[in-house]
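1. using only what follows, build the 3D model:
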Amino acid sequence: MIEDYKFGKITINGRTYSGDLEISREGVTLWQINDHHCPTIEDIQPAINKNPEVIIFGAGYSGFVNIPVEMQRLIKSKGIKLIMRKTKEAVEEYNRLSRKKKVIGLFHLTC
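-> Model (predicted):
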């Protein structure tokens, strides 16, 4: 469960991180984005390959990061629901949905 999010920092199970993250039931990993403002298919493919029911995308504190339309279509074509929100709202959605569904959260912590 995500305990707290502030610009540039997120706390999960008592540990604070300062880099972009992929979060799932399996754990927390650093999420490397080649261009912090425009993820590529290579950036999100590992999450897609895990076959979640939902991918929640935290688009940054101010919501500046966006997933291009063609990537949104790809995710949806795999039967995966995509939720895109500012990171604070995405954190709340992740905490709510992850109790019920197989969810992967991709969170950009700044911008």
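2. quick one: distance of whichever helix or strand Met84 is part of to the chain centre.
-> Per DSSP states H and E, Met84 falls inside strand 81-85. Computed by Cα atoms, centre = their mean, to the nearest Å, the chain-centroid distance of strand 81-85 equals 9 Å.
3. give the buried residues for it.
-> Leu82, Ile83, Met84, Arg85 (16 or more other Cβ atoms under 10 Å). Glycine gets a C-beta too; all of them are placed from N, C-alpha and C.
4. and stretch 33-50, by the same measure?
-> Ile33, Pro39, Asp43, Ile44, Ala47, Ile48.
5. show me what contacts the residue located most distally from the centre of the chain?
-> In the chain, counting by Cα atoms, centre = their mean, Gly14 sits farthest out from the average C-alpha position, at 19.0 Å. By Cβ atoms under 8 Å, 6 or more residues apart in numbering, the contact set of Gly14 is Glu3.
6. helices of this protein, start to end?
-> For the chain, the helices defined by DSSP state H cover 41-49, 69-77, 87-97.
7. where does the chain dip in pLDDT?
-> 36 (pLDDT under 70).
8. if we can go back for a sec, and of the helices of the chain, who's closest to Leu106?
-> The closest of the helices of the chain to Leu106 is helix 41-49. By Cβ to Cβ, the value is 6.0 Å.
9. and the closest one, what other elements does it pack with?
-> Packing contacts for helix 41-49, counted by 3 or more Cβ pairs under 8 Å, 6 or more residues apart in numbering; DSSP states H and E, involve strand 54-59, helix 69-77, strand 103-108.
10. distance from the second one to the middle of the chain?
-> Spelled out, it's helix 69-77. For helix 69-77, the distance to the chain centre is 15 Å (Cα atoms, centre = their mean).
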